[in-house]
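> Just need the structure, nothing else, for what follows:
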Amino acid sequence: MSEAEDEVEAEAEDEVERSSAPLLEHLAELRTRLVRSVLALVVGIVAAFAVSEPILQFLLAPIEATLRELGDPSPTLQYTSPQEYLFTLFRISMVFGFALAFPVIGHQMWRFVAPGLYRTEKSAFLPFLIASPIMFLLGATFAQYIVTPLAMNFFLGFADVSSIFANLLSGTLENLPDSAAVVPETEEGVRVTFFGKVNESLDITLKFIMAFGLCFQLPVLLTLMGKAGLVSARGLAQVRKYAMVGILVLAALVTPPDVITQMILFVVVYGLYEISIQLVKLVEKKRVEKLREEGILGEDEDLYSEFEDDDGREEDVKA
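Coordinates of the predicted model:
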């Protein structure tokens, strides 16, 4: 091997060693951020488990209120296996523990990716990182106080709960509400009663919270995509009919099979879609003003211009 080839090989090895040093630093930084995030999650889970029973009572409040309205003087839910109640509390702890730890986890994620972003990218991304948990909280609140009570009234409204508990509590008929219908004992037919399970009732509530919390992320996601130039207000407006079909399919998948809940989710998500279009318009307006200040666009020019293609159709393209 010649001396020139040896020098080239040595330079290549030095370049590999120099490039590996930043990679190892990034991996060490990532490990540190992950360890801190996991520790925050563990602390959040432990803190949530300490108050998991009050949280469970809060989540099941819509079911309790519905049962009382239907004539049950003492709403009761049951569990059918020894470990079911404990696992239900663990499930609550996982969900709410992550919610408690999210500020720390989000901060660690931001500290890891921020050094690789330009100043303009930081200023564009940070507001969305803050808006995302706020919108999720709004969606979860809407689900807990609006959607879940309506769904419980729909599901439990098919059964005469007051009659059921009038029979079960036949020894204390004088304590029943006036609206309770006392059904005489009969040997004909099968009595269908509601014995709610804790985990199944909680499952419905958590599904609503997660579904509406994620759906409320739509303005954040579309506005961020508009900020990055991936979508436009005009393009979103042109696909409205497809968006409506997609939202209807989403409503059918993430909600129980009742028309009322599905229509509520459809109206809410479609309203958020229209709001997203307006937010993207504001983002594009600010971009146009900036480009005009820099002299890239003229006073009469816009981000999009219309022209006809070979087939004579009008298309929108970026200027």
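> Now for Val259, how many residues are close by?
Counted with other Cβ atoms under 10 Å, the burial measure for Val259 works out to 10 neighbours. To be clear about C-beta, it is placed using only N, CA and C from the backbone, and glycine gets the same treatment.
> So it versus Thr141, what's the distance?
Noted for Val259: a distance of 23 Å to Thr141, by Cβ to Cβ, to the nearest Å.
> Can you show me the strands along the stretch 201-319 of the chain?
Listed in chain order, the strands of the stretch 201-319 of the chain (DSSP state E, counting those that start in this stretch) span residues 304-308, 314-318.
> same deal with the stretch 51-200 of the chain?
For the stretch 51-200 of the chain, the strands defined by DSSP E, counting those that start in this stretch cover 77-78, 196-197.
> Let's have those strands in a markdown table, adding distance to Phe155, mean pLDDT and mean neighbour count.
Supplementary listing: these in a markdown table, determined by distance: least, Cβ to Cβ, whole Å; pLDDT from 0 to 100; neighbours: other Cβ atoms under 10 Å:
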| stretch | distance to Phe155 | mean pLDDT | mean neighbour count |
| --- | --- | --- | --- |
| strand 77-78 | 14 | 82 | 15 |
| strand 196-197 | 10 | 80 | 14 |
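> Need these in a markdown table (columns: distance to Leu221).
Conversion of those to a markdown table gives the following (distance: least, Cβ to Cβ, whole Å):
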| stretch | distance to Leu221 |
| --- | --- |
| strand 77-78 | 36 |
| strand 196-197 | 35 |
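> which one of the ones you listed lies closest to Leu56?
Distances from Leu56 to each of those were compared by Cβ to Cβ, and the smallest falls on strand 77-78, at 9.6 Å.
> Parallel or antiparallel, which strands does that closest one pair with?
The strands that strand 77-78 pairs with in its sheet are strand 196-197 (parallel) (by DSSP bridges).
> measure stretch 62-79 end to end?
Across stretch 62-79, the straight-line distance between its terminal residues is 19 Å, by Cα to Cα, to the nearest Å.
> Could you pull out the buried residues of that stretch?
Buried residues in stretch 62-79, defined by neighbour count with 16 or more other Cβ atoms under 10 Å: 62-64, 66-67, 69-72, 75, 77.
> From Val269, how far off is the closest residue to Tyr273 other than its chain neighbours?
Using Cβ to Cβ, 6 or more residues apart in numbering and skipping the chain neighbours, the partner closest in space to Tyr273 is Ala243 (5.6 Å). Here the criterion is Cβ to Cβ. By it, Ala243 lies 9 Å from Val269.
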